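**Q** kindly return the folded structure for what I paste below:
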Amino acid sequence: MWQTPSQILNWNKAKSAVIKFKLIFLLCALLAPALAFASGPIETSPYAVQGVEVDETDASAKLAKDKALVDVQMKAIAMLGAQLGDAGVGEAFSRFDAEKVMPLLKSLSIEKEVISPGRYQGTFTVRFLPERVKPLLQQAGVHLPQEQGPAMLVIPVWTDENGRVQLWEDNPWRKAWLDLHASQAQIPILIPLGDQEDDQNLTAQDITANNAVKLEAIRRRYDVKTMLIAMAQPAEGGGVHAHVVGKSPLGKITIDKIYTADTGQVPDSASVGAQRFQQLITDKFRSEQAKSAMANPAPAQSLPVTVPFAGPSQWNGLRSRILSTPGVVGLDVTSLEAGGASAKLFYNGAVEDLGASLQTAGLQLVNNGGTWTVVPL
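**A** All right, here's what the predicted structure looks like:
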């Protein structure tokens, strides 16, 4: 049936509204379990982004929140691209449309929100499905992140200039750890919520008395093996004296140091201390991973490939470049004809790592319907 331009326009508007409704419905479905989960163990993943802020206005707070739930996924995928890749990958991901991003989502968690008439402000943690995001990262040439290390629960305890011990109250030391947004980092650092349940489970007096029963209760709530008490107090010159001692899966951790920011301000010095701790345990984890890889090298994998060439001279050049590629440990030629060679390529690591390494040698690994081919760029 012939449709007038106005009919077509109305149909497109209706279709857009249906798509938006579906997106919001699915986002709410993803949000519900995440909220229930927020009061207990915290899910960690390198394919997640913390601190995604949205601020939307509309005729009502509900409509503003609906817009925010769509907006947060778009911001998060761009942030993930920049986080795992670089600014260019983040920019490319920011151009995705909502229908493409929606199937990538695993869950949303509200970190905080402010609702007022016609306005919604929120901060979210957005988690993506690794198996759906990985191909997009590989296409963008991103080296996929290593596995995460064991999560740690850090309880910041601040003693102010008057000697008052502060646990769940607002203070520069607790804020510094919260501002790390590190629960999705390579070594996840979890900071207790400080809600009513935490306050009932553990008090500043319990910390001072080293109450083992109360400390165990808080550890069990967040379902971690490692829990560290991070003590700190003001130091001269606007510094912060930090004291952290404990055992972890990465070995014994001992920190007794004064951190002083260039600004000479206590909040900035507290941030320096928290950041240095995160860098310390991340470097330690990477060092342990490297030692383990050297002690237990993964067996080389093989991939059947074809290598087209125009003549013997080009073949010799291509073969030399393939063998000199980092990660390549061998090339077993199974047949050699006038127009190309068939071979088994032996390599360490994942196939996406192989493709990235070959690119550094000026070569490209192409998958044509299940047949892998190595060609010059």
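**Q** is Val133 in a helix, a strand, or coil?
**A** helix (DSSP: H, G, I helix; E, B strand; the rest coil).
**Q** ok, now the one 4 residues further on?
**A** Counting by three-state DSSP, the backbone at Leu137 sits in helix.
**Q** tally of neighbours for it?
**A** Leu137 is flanked by 21 other residues according to other C-beta atoms under 10 Å. C-beta coordinates here come from the backbone N, C-alpha and C atoms, glycine included.
**Q** hmm, it is touching Gly85, no?
**A** Yes - between Leu137 and Gly85 a contact is recorded at 6.6 Å, counting by C-beta atoms under 8 Å.
**Q** all helices of the stretch 101-250 of the chain, in order?
**A** With DSSP state H, counting those that start in this stretch as the criterion, the stretch 101-250 of the chain has helices at 130-139, 172-178, 196-201, 204-208, 212-222.
**Q** ok, the closest residue to Ala82 other than its chain neighbours - contacts?
**A** Closest residue to Ala82 apart from its sequence neighbours, by C-beta to C-beta, 6 or more residues apart in numbering: Gly90 at 3.0 Å. Contact partners of Gly90, counting by C-beta atoms under 8 Å, 6 or more residues apart in numbering, are 78-83.
**Q** wait, Leu167 sits on Gln205?
**A** No - using C-beta under 8 Å, Leu167 is not in contact with Gln205; the gap is 9.2 Å.
**Q** circling back to that earlier point, tell me if the residue nearest to Ala82 really is in a strand.
**A** No - read with three-state DSSP, Gly90 is helix and lies in no strand.
**Q** what distance do you get for it to Thr263?
**A** 29 Å (C-beta to C-beta, to the nearest Å).
**Q** shaky segments in the protein?
**A** 1-43, 145-146, 293, 296-298 (pLDDT under 70).
**Q** in its sheet, which strands sit next to the strand ranked longest in it, and in what direction?
**A** In the chain, with assignment by DSSP state E, the single longest strand is strand 105-116. Strand pairing for strand 105-116, using DSSP bridges, gives strand 119-128 (antiparallel).
**Q** distance from the partner strand to the middle of the chain?
**A** Centroid displacement of strand 119-128 relative to its chain, using C-alpha atoms, centre = their mean, to the nearest Å, is 15 Å.
**Q** for that strand, give me every contacting residue.
**A** So strand 119-128 is contacted by 34, 43, 45, 47-57, 61, 64-65, 67-68, 72-73, 76-77, 80, 104-115, 183-184 (C-beta under 8 Å, 6+ apart).
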